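A.B. asks: below is the structure, and that's it, no one-letter string:
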Ligand code: SF4
């Protein structure tokens, strides 16, 4: 999958999928259904790059984050790190990878052991495998706390005595201590208030520039992702539907779902005046002039997000219970839906260098 970037990619993701089985009825006759959390995701990530991932809740971003750091084993597909296949590593081989792939959670309180002092939490990656003597690791932890804007004597504090922003800084200091190849940050700013978000954004940019980290940054705040990421991927129902350089995706989003995301974006940081302006419904999506097929005339989505007109069946499209899964998952909401959208899933393809989209009508 050729993309932008020079040399060997740090991470190669190939048709990565994760399915979960969930019970749908209780008792011994319990029935199960399969939830397709992530399906056929492919992209490359180069050293020092920041890739943003956006999408609504439930779009599979967090599951993908856990797959990338091998906190989950993929159901199918491949994951390559520096030319080594890591998708199915287990035991010691996987433990060796752990420090190199760091995940920073949305709520640091849930990922920091409340019984350990901050110094022990930050020094923990240094002490794994007795890489550092204890006293030296403790001193390095104090040094790292200063690098993320805390005080050196915060090593003696417990997580419960820190504010949300301080706990998030501790989480980043802990990631720094591991000297990782890849950091995946899953909504790292969501639990913070706006002034703290601004401070953390500055910190993230500093860390990226000073340490040359490779990042995958997951957020539903498009402005945050645009500010930090060189490329942005858009996820919908477990699939990557568009991937492009941030400037190209902002200037000319091709997928109708990306357009709706952009149109519905709230200003950030939110102020009362800006929030009032944003209360107006988003503009209708723009259909590219290159779209060849006819639209389903009776299936329109208003700017407010409501359907108008009868269902697709009235337009000559046979819609069964599994129609949406056979074709494009966005078809029930898409204002450009054509008959083939209900039958064939769109192919992931490059429409211009570095710009990928999965849509029959875009390109
Ligand atoms: S493939 Fe069809 S239904 Fe899916 S986003 Fe594109 S135009 Fe819409």
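C.D. replies: Here it is on my side, so go on. All values reported here derive from a predicted model rather than from experimental measurement. Numbers count the residues shown, from 1 in each chain.
A.B. asks: show me what from the stretch 201-350 of the chain comes close to the ligand.
C.D. replies: By the criterion of C-beta under 6 Å from any ligand atom, the positions of the stretch 201-350 of the chain lying close to the ligand are 255, 256, 328, 330, 331, 334, 336, 337, 338, 341, 346. From N, CA and C alone the C-beta is placed, and that goes for glycine too.
A.B. asks: which residues of the chain score low on pLDDT?
C.D. replies: For the chain, the stretches flagged by pLDDT under 70 are 1-6, 25-29, 129-130, 191, 266-325, 363.
A.B. asks: domains for it, by residue range?
C.D. replies: Structural domains annotated on the chain: 11-251, 273-346, as defined by automatic domain parsing.
A.B. asks: got these as JSON lines, with mean neighbour count columns?
C.D. replies: Conversion of those to JSON lines gives the following (neighbours: other C-beta atoms under 10 Å):
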{"stretch": "domain 11-251", "mean neighbour count": "18"}
{"stretch": "domain 273-346", "mean neighbour count": "15"}
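A.B. asks: circling back: farthest pair in the residues of the stretch 201-350 of the chain next to the ligand?
C.D. replies: Pairwise distances across these peak at 14.5 Å for 255 and 338 (criterion: C-beta to C-beta).
A.B. asks: quick one, helices of the stretch 51-200 of the chain?
C.D. replies: Listed in chain order, the helices of the stretch 51-200 of the chain (DSSP state H, counting those that start in this stretch) span 61-68, 91-97, 108-111, 118-127, 134-147, 164-177, 194-211.
A.B. asks: out of the residues of the stretch 201-350 of the chain next to the ligand, name the ones that lie in helices.
C.D. replies: Secondary structure assignment (DSSP state H) places 256, 341 from those within helices.
A.B. asks: which among the residues of the stretch 201-350 of the chain next to the ligand gets closest to residue 225?
C.D. replies: residue 255 (15.9 Å).
A.B. asks: name the nearest residue to that closest one, ignoring sequence neighbours.
C.D. replies: Counting by C-beta to C-beta, 6 or more residues apart in numbering, residue 242 is the residue found nearest to residue 255 once chain neighbours are left out, at 4.3 Å.
A.B. asks: correct me if wrong: the one you found contacts residue 256.
C.D. replies: No. Counting by C-beta atoms under 8 Å, residue 242 does not reach residue 256; the two are 9.9 Å apart.
A.B. asks: taking the stretch 101-250 of the chain, what residue is nearest to the ligand?
C.D. replies: Of all residues in the stretch 101-250 of the chain, residue 241 sits closest to the ligand, at 7.2 Å by C-beta to the nearest ligand atom.
A.B. asks: checking that residue next. Helix, strand or coil?
C.D. replies: strand (DSSP: H, G, I helix; E, B strand; the rest coil).
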